[in-house]
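Engineer: generate coordinates for the sequence data below:
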Amino acid sequence: MQLFSFLSILLTAISVKARPVERGVFDSVGVLDDVLLLDAPAFPDPANSANTVIGLQAFVSLRQIDLGALTTGVEAALKTIGLDIGDKLSNVQERIRLFGAIGLSGKNVKVDVGGCSQLASLTTSGLPDLGMALQNVSVGTCGGAKQFTAQVTTSGLDSRTFNATVFPSPNSGFGVISDIDDTVKVSNVLDKVALAKSTLLDDPVPVTGMPELYASLAKSLNSPQFIYVSGSPFQLYPFLNSFIDTTYSASKGPILLQNLTLTNVQELLDFANSNGILEYKLAMIDRIHGMYPNKKFVAIGDSTQKDPETYGEAFRKFGGDFISCSWIRRVDGANNTDARFAEAFQGVPANKFRTFTDADIPGLQNINVAAGEC
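Structural biologist: Alright, predicted model coming up:
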C-alpha cells in the first residue's frame, strides 16, 4: 500500500479532532494554551551589526488533546499496512500528539532570550498556517555565548516553561546545511511501510558513521552553524529535535520543517509523495542565504528524494562562495545513475560536489573542507 493511502486514513482519523479555532488578535498565551517553541538560528542585524536578529518560530494550540481517539485511529491505519503498535504505544502517542493539536490564531507570543537586551514578540497566524508564527525579530545586543536560551513568558498563574535554544553565528566562516531522513537518520523513505514504522514506532537510528562525521566537521570548520532542513511536517519536531540533540550533540542546530497543518491536507499529502519538497527546500536555502549571505555552506543530503536537485539549483543561484560543497549519500534502491547526478549538478564544477556510499563515510573526515576541498 502506498503511503498516500496510509496518510489519507491517518488524516481522516486525526481531522475529526483537529478543528481550527479562531481567537481574538493579540491574546496572550494562557494556562489553556500549549506552546511549541522551536530552536532558532540567530544572525547579525543587517541594519546594525551590534544587534542580533533571531529567526523565531512558535506554534500555539489548545492545551487539551484527546489522544485516546487519535491513537485508535492511528492504530487502525497502521494495521491496514501490516503494522501493529504492540509495546510501542508510548512512542506512537508522543509522535502523533501534535497532529491532534488545535492551532490558535492571533496569539501574542512573548519570548525572553537570555543574554539579550530586548524581548521578542510574534503573533500566530490564521489559515492556512493556523497557530504558527515565524518571524525574524531583533533582540538588541546579546552576549558572546555560543548558545542562548529562549523562554516564552506566561502569566503568573502558569508555572510551566516553554524553552528553546538559540544558535547565534556570524555572517562569515562555515556552515552546514543537512537533510535528516536517510542522511543522518535511518528512515527508509523508499519503503513506505518501513518509513511509517521508523517514524511512528521505532526508536530512531543514525546512519552509521554520520554522527562521527558531523562531529569532525564541527571541529575542523571551527564550530560552523549547523542547520537541518527537512521536508517533514513540524508536528514531528519534538521527535526529530530530541534525536539531533542526543545523537548529534556535537553538531546541534536549528531544524527547519514544513509549516503543514491539518487544515492544509493537500500539502501533507504532497510531503508524503515527495511533491513540493524541492520548492520547499529551495525556499529554506533562500532564507538561510538571507541570514548568512557571506557564509560558506557544505550541503549534505541523500539520493532518495530531491537533495541533488536542490543543492545543484542553489549552487547555480548563489554560486560556489555560498554552496561551497555538496555531498550526496547514495541510498540503495534510489536513482543513483550518473545521468541523474549529471543533470542535477549541471553547471556545477565537478570538484564542488561528490556522491558517497556508506563505506565512504569514514573517509569523508579526511577531506579538508576548510581549505576548499570537497
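Engineer: drop to CA atoms for contacts and neighbour counts, all remaining ones
Structural biologist: Will do.
Engineer: what ranges does the stretch 101-250 of the chain have for its strands?
Structural biologist: For the stretch 101-250 of the chain, applying DSSP state E, counting those that start in this stretch gives strands covering 107-113, 120-123, 132-138, 148-152, 163-168, 174-178, 225-233.
Engineer: and the shortest one, how far from the chain's centre?
Structural biologist: If I follow you right, that is strand 120-123. Distance, stretch centre to chain centre, for strand 120-123: 21 Å (C-alpha atoms, centre = their mean, to the nearest Å).
Engineer: dump the C-alpha coordinates for that strand into PDB.
Structural biologist: Extracted C-alpha coordinates of strand 120-123, given in PDB (Å, rounded to 0.1, in the frame of the first residue of the first chain):
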ATOM      1  CA  ALA A 120      10.900  39.400  21.200                       C
ATOM      2  CA  SER A 121       7.200  39.300  20.300                       C
ATOM      3  CA  LEU A 122       5.500  37.400  17.500                       C
ATOM      4  CA  THR A 123       1.900  36.700  16.600                       C
END
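Engineer: picking up where we left off before, which of the strands of the stretch 101-250 of the chain sits most buried?
Structural biologist: Comparing the strands of the stretch 101-250 of the chain by mean neighbour count (mean count of other C-alpha atoms under 10 Å), strand 174-178 ranks first with a mean of 24.
Engineer: for it, give the mean pLDDT please.
Structural biologist: The average pLDDT for strand 174-178 rounds to 98.
Engineer: count of neighbours near residue 28?
Structural biologist: The number of residues packed near residue 28 is 17, by other C-alpha atoms under 10 Å.
Engineer: so it makes contact with residue 105?
Structural biologist: No: in this structure, residue 28 is not within contact of residue 105 by C-alpha atoms under 8 Å, at 11.0 Å.
Engineer: looking at the protein, which helix or strand is least sure?
Structural biologist: Between all helices and strands in the chain, the lowest mean by mean pLDDT, DSSP states H and E belongs to helix 265-272, at a mean of 42.
Engineer: where exactly do the strands run in the stretch 251-374 of the chain?
Structural biologist: Using DSSP E, counting those that start in this stretch, the strands of the stretch 251-374 of the chain run over 255-258, 296-302, 323-329, 353-356.
Engineer: compare the ones you listed and give me the one nearest residue 163.
Structural biologist: Smallest distance to residue 163 across the strands of the stretch 251-374 of the chain (C-alpha to C-alpha): 14.9 Å, for strand 255-258.
Engineer: residues making contact with the closest one?
Structural biologist: 38-40, 227-234, 237, 241, 280, 284 (C-alpha atoms under 8 Å, 6 or more residues apart in numbering).
Engineer: neighbouring strands of it in the sheet, and parallel or not?
Structural biologist: Looking at strand 255-258 with DSSP bridges, its partner strands are strand 225-233 (parallel).
Engineer: distance of the residue lying closest to residue 189 once chain neighbours are set aside relative to residue 66?
Structural biologist: In this structure, residue 189 finds its nearest non-sequential neighbour in residue 195, 5.4 Å apart by C-alpha to C-alpha, 6 or more residues apart in numbering. Distance from residue 195 to residue 66, counting by C-alpha to C-alpha, to the nearest Å: 25 Å.
Engineer: before we move on, what about residue 360?
Structural biologist: 46 Å.
Engineer: now do stretch 62-78: distance to the chain's middle.
Structural biologist: With C-alpha atoms, centre = their mean, you get 24 Å for stretch 62-78.
Engineer: tell me what residue 120 is bridged to.
Structural biologist: residue 111.
Engineer: show me the contacts for it.
Structural biologist: Contacts of residue 120 by C-alpha under 8 Å, 6+ apart are 110-113, 137-139.
Engineer: residue 286: neighbouring residues, count only.
Structural biologist: Using other C-alpha under 10 Å: residue 286 sits among 16 other residues.
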